[in-house]
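>>> mind folding the following:
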Amino acid sequence: MKIYLSGSLINSAQNKEVTGVLRQSGLEVFLPEEFCPTEQPHETFPEAIFRICLEKMKESNIGLIMLDSYSRDSSSECGWYGNSGKPLIGFITSNGQIFEDWMIKGWLSAVITTNSNIYDRLLTDNFFKKKNIVLIPNIAKLATEIKSLRIYQD
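Predicted coordinates:
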């Protein structure tokens, strides 16, 4: 399974942690920040970066958005996944920002969280009533849960 991980550079440590956990479980993960020129301002990125990300999204089976900290670029990627027909999974551990962003909520196929308070809140949110909402005990269980959802096509 190929996963495109969408997350803000502000949350780089968690992005890399999740990428490592997923790769250790045998999943192929594309993390844009591993090749993006993170030391330079976004407005100076060459168009080639956009093209590479687009190709990796097309090659992926699933998009995974890090909901603890996401950006305008992540929002754009969510819209792309929503229109592509490919599943988009949200992963959240602590930040409730997602409850304010109805367009992103609408594109999500599933949400996985390690936070019982956020889990309870997801269960009562109208946007999530027909979506897979999963509570896991820790990040180490993320790959197993993604595989068990079976919401992707090979």
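
>>> could you dump stretch 2-10 to CSV, C-alpha only?
Coordinates of each C-alpha in stretch 2-10 appear next as CSV, following Å, rounded to 0.1, in the frame of the first residue of the first chain:
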residue,chain,number,x,y,z
LYS,A,2,1.3,3.5,-0.9
ILE,A,3,0.4,6.4,1.4
TYR,A,4,0.9,10.1,0.7
LEU,A,5,1.3,11.8,4.0
SER,A,6,0.1,15.4,4.1
GLY,A,7,1.1,17.5,7.1
SER,A,8,2.4,20.9,8.0
LEU,A,9,6.2,21.5,8.3
ILE,A,10,5.4,23.0,11.7
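
>>> so for that stretch, mean pLDDT?
Stretch 2-10 shows an average pLDDT of 89 in the prediction.

>>> buried ones in that stretch?
By neighbour count on 16 or more other Cβ atoms under 10 Å, the buried set for stretch 2-10 is 3-8. In this view, the C-beta of every residue, glycine as well, is placed from N, C-alpha and C.

>>> equivalent analysis for stretch 123-131, please.
127-128, 131.

>>> could you do stretch 8-27 as well?
8, 11, 14-15, 18-19, 21-22, 25, 27.

>>> quick one: distance of that stretch to the chain centre.
Distance of stretch 8-27 from the chain centroid (Cα atoms, centre = their mean, to the nearest Å) equals 10 Å.

>>> understood, closing this out.
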